[in-house]
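Chemist: Pasted the sequence and its predicted model underneath.
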4 protein chains.
Amino acid sequence: MMDSTPLHRLLGFRVVSIDTRTGSFSMAAPTSGNAERSDGAGQAHGGAIATLIDSTATYACCIMQGKAVPTINLRVDYLRPAGGEEMVATAIVRRAGRTVSVVDVDVIAGGKLVAIGRADLATPAQENN
Amino acid sequence: MMDSTPLHRLLGFRVVSIDTRTGSFSMAAPTSGNAERSDGAGQAHGGAIATLIDSTATYACCIMQGKAVPTINLRVDYLRPAGGEEMVATAIVRRAGRTVSVVDVDVIAGGKLVAIGRADLATPAQENN
Amino acid sequence: MMDSTPLHRLLGFRVVSIDTRTGSFSMAAPTSGNAERSDGAGQAHGGAIATLIDSTATYACCIMQGKAVPTINLRVDYLRPAGGEEMVATAIVRRAGRTVSVVDVDVIAGGKLVAIGRADLATPAQENN
Amino acid sequence: MMDSTPLHRLLGFRVVSIDTRTGSFSMAAPTSGNAERSDGAGQAHGGAIATLIDSTATYACCIMQGKAVPTINLRVDYLRPAGGEEMVATAIVRRAGRTVSVVDVDVIAGGKLVAIGRADLATPAQENN
């Protein structure tokens, strides 16, 4: 699933850890190169951070639900510039509901908390056969 | 500013319209190619939509304030799959405050409203000299 | 429904207008008395504004769907102090979906836009008989 | 400060704990009486929960900053009906910035996580004399 998404390839997303027991899931990406705010800035663009949060939340939910879940909405708070070599997003499923799941994502870069995300994802309806 | 951001180039962002009087600003991007949810899906990835919303809100605010404004936070509601050829994001500055501005962004693709965004941006402090 | 909710009575909510065709719905409330930020402040508390937004969004959705809809989440941006005599919240249903509806609410007080809200509400599952 | 706000008195807010070292702060309120969704429902109204989250976040920030801080925006996710006798909101300051602070609030009722909130608050500008 990871490799079939152009943005994941372009931004160099890679899985760092999966914990199916706790519903925790981590992905990392470089803050420079295609993710940069502007050429040579050495800090990630807000859109690259939002994409990393959205994808990390989606995978965390997928792993718990066993299938693809569309994002209903996403909130990202940008706390500090995302510098350093790499940013790591860690998602925790706060609520796995029958129709809606809620996932929190912390993003750390250069040893600091640089952004926090919160996403609602739709739980696919049960098939009856 | 547009061309110096790798993600803008990769996602093919282009300015559609600027209205400095009303604070309205529009940008367009293809829904396919690098923006795709997955190769051949024909629908934009949530991260590409979030990036378009973030950048459109930022530019709308920049135009009114006359300088770069960092995004404090961003909310995106995904209403429908973003298909069709192109998505167009239109930002309206709802409040240009002394410390915080609030911008609403509607994204239309294939003739339908596919996502709505709301962003808070920091107004840079006044210099005293 | 209005009168059976203690907070609606305490905060003096009243319906201003209903337009079932467009999905627009308005409610008003005093900014003083029980709604005040602190005794004698003459400005509404953020919680009173959030309650007005939540209830206005819920009713707007109820009117379109024909039944009660629980709020999944709510975002409120506070733009200015809510002074004047009265605040009026107007909700517009942006998307009436099969599982989730999205409603925008503008709150005007003293002739100014003082807060804007956005809520996701769950559409009740269809009964099969 | 608590007692001078009509909604705090009507909803019975009371301080549960303060930890100035970690920036954690808790307040409790009954889920019934004036907070009820509707008379006799035995579950708190979303507006009462939002008010509790807003006030808990504000006080958590005040304690760290030493003065009143206005809420810029607030997001509340409602995870489950808030039943039981009492709801307890616990705020953690995630980022105490020079212009904006970000606070997370968890609300527990009847032994379950019933709502989560995230608020941005404005840090008052430094006086120069």
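Modeler: Arrived safely.
Chemist: Do you have the helices of chain A handy? List them.
Modeler: Assigned by DSSP state H, chain A shows helices spanning A:6-11, A:46-65.
Chemist: among these, which is the most enclosed?
Modeler: Sort those by mean neighbour count, taking mean count of other CB atoms under 10 Å in any protein chain shown, and helix A:46-65 sits at the top with a mean of 26. (C-beta placed from N, C-alpha, C; glycine too.)
Chemist: From the contact counts, what lies against that one?
Modeler: Helix A:46-65 makes packing contacts with helix A:6-11, strand A:24-30, strand A:71-78, strand A:86-96, strand A:100-109, strand A:112-122, helix B:46-65, strand B:71-78 when contacts are defined by 3 or more CB pairs under 8 Å, 6 or more residues apart in numbering or on different chains; DSSP states H and E.
Chemist: angle of the fourth one against strand A:100-109?
Modeler: Strand A:86-96 and strand A:100-109 are oriented at 160 degrees to each other (axes from the mean of the first three to the mean of the last three CA atoms, to 10 degrees).
Chemist: Can you check what angle separates strand A:86-96 from helix A:46-65?
Modeler: Regarding strand A:86-96 and helix A:46-65, their directions subtend 40 degrees when assessed with the same axes, to 10 degrees.
Chemist: Parallel or antiparallel, which strands does strand A:86-96 pair with?
Modeler: Its sheet considered, strand A:86-96 pairs with strand A:24-30 (antiparallel), strand A:100-109 (antiparallel) by DSSP bridges.
Chemist: Report the contact partners of residue A:85.
Modeler: Residue A:85 sits next to A:30-32, A:110 when contact means CB atoms under 8 Å, 6 or more residues apart in numbering or on different chains.
Chemist: Relative to chain C, which of the residues you listed is nearest.
Modeler: Checking the contacts of residue A:85 against chain C with CB to the nearest CB, the nearest one is residue A:31 at 27.7 Å.
Chemist: that older thread, top of the contacts of residue A:85 by neighbour count?
Modeler: When the contacts of residue A:85 are compared by neighbour count (other CB atoms under 10 Å in any protein chain shown), residue A:31 ends up highest, at 24 neighbours.
Chemist: That one contacts residue A:89, correct?
Modeler: No - assessed by CB atoms under 8 Å, residue A:31 is found out of contact with residue A:89, at 11.8 Å.
Chemist: any idea how far chain D is from residue A:88?
Modeler: As for residue A:88, its distance to chain D is 17 Å (criterion: CB to the nearest CB, to the nearest Å).
Chemist: Surely that residue touches residue A:28?
Modeler: Yes - counting by CB under 8 Å, residue A:88 touches residue A:28, with 4.6 Å between them.
Chemist: Give me the common contacts of these two.
Modeler: Common contacts of residue A:88 and residue A:28 (CB under 8 Å, 6+ apart): residue A:16.
Chemist: Looking at these two, which one has more neighbours?
Modeler: For residue A:88 versus residue A:28, the count of surrounding residues by other CB under 10 Å is larger for residue A:28: 21 against 18.
Chemist: Pull the contacting residues for the more buried one.
Modeler: For residue A:28, the residues meeting the contact criterion (CB under 8 Å, 6+ apart) are A:13-14, A:16, A:86-89.
Chemist: Most neighbours among those residues, which one?
Modeler: Neighbours here are counted as other CB under 10 Å. On that basis the top member of the contacts of residue A:28 is residue A:89, with 29 neighbours.
Chemist: wait, what's in contact with it?
Modeler: Under the criterion of CB under 8 Å, 6+ apart, the contact list for residue A:89 reads A:26-29, A:52-53, A:56, A:105-107, A:117.
Chemist: Likewise for residue A:74?
Modeler: With contacts defined as CB under 8 Å, 6+ apart, residue A:74 is in contact with A:50, A:53-54, A:57, A:117-120, B:46, B:50, B:74-76, B:78.
Chemist: Just put these in a markdown table and tack on pLDDT.
Modeler: Written out in a markdown table, the entries for these read as follows (pLDDT from 0 to 100):
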| residue | pLDDT |
| --- | --- |
| A:50 | 98 |
| A:53 | 98 |
| A:54 | 97 |
| A:57 | 96 |
| A:117 | 98 |
| A:118 | 98 |
| A:119 | 97 |
| A:120 | 96 |
| B:46 | 97 |
| B:50 | 98 |
| B:74 | 97 |
| B:75 | 97 |
| B:76 | 98 |
| B:78 | 97 |
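Chemist: Could you single out the nearest of these to residue A:93?
Modeler: Compare each of those with residue A:93 using CB to CB and the shortest gap goes to residue A:57, at 8.6 Å.
Chemist: Tell me if I'm right that that closest one and residue A:102 touch.
Modeler: No - using CB under 8 Å, residue A:57 and residue A:102 do not qualify as a contacting pair, with a distance of 9.3 Å.
Chemist: shared neighbours, the two?
Modeler: Common contact partners of residue A:57 and residue A:102 (CB under 8 Å, 6+ apart): A:119, A:121.
Chemist: give me the low-pLDDT residue ranges for chain A?
Modeler: Applying pLDDT under 70 to chain A flags the ranges A:1-2, A:124-129.
Chemist: mind redoing it with 50?
Modeler: A:127-129 (pLDDT under 50).
Chemist: Can you tell me how far the closest residue to residue A:51 other than its chain neighbours is from residue D:89?
Modeler: Among residues not flanking residue A:51 along the chain, residue B:47 sits closest, at 2.6 Å (CB to CB, 6 or more residues apart in numbering or on different chains). Here the criterion is CB to CB, to the nearest Å. By it, residue B:47 lies 32 Å from residue D:89.
Chemist: just to revisit the earlier point, contacting residues around the residue nearest to residue A:51?
Modeler: Residues touching residue B:47, when contacts are defined by CB under 8 Å, 6+ apart, comprise A:7, A:47-48, A:50-52, A:54-55.
Chemist: ok, now residue A:16?
Modeler: With contacts defined as CB under 8 Å, 6+ apart, the neighbours of residue A:16 are A:26-28, A:88.
Chemist: How many neighbouring residues does the nearest residue to residue A:97 once chain neighbours are set aside have?
Modeler: Here the nearest residue to residue A:97 in space, its sequence neighbours aside, is residue A:123; by CB to CB, 6+ apart that works out to 6.3 Å. By the other CB under 10 Å criterion, the neighbourhood of residue A:123 contains 18 residues.
Chemist: What residues does residue A:123 make contact with?
Modeler: The contact partners of residue A:123, by CB under 8 Å, 6+ apart, come to A:65, A:69, A:96-101.
Chemist: pretty sure residue A:64 contacts residue A:92?
Modeler: No - counting by CB under 8 Å, residue A:64 does not reach residue A:92; the two are 10.8 Å apart.
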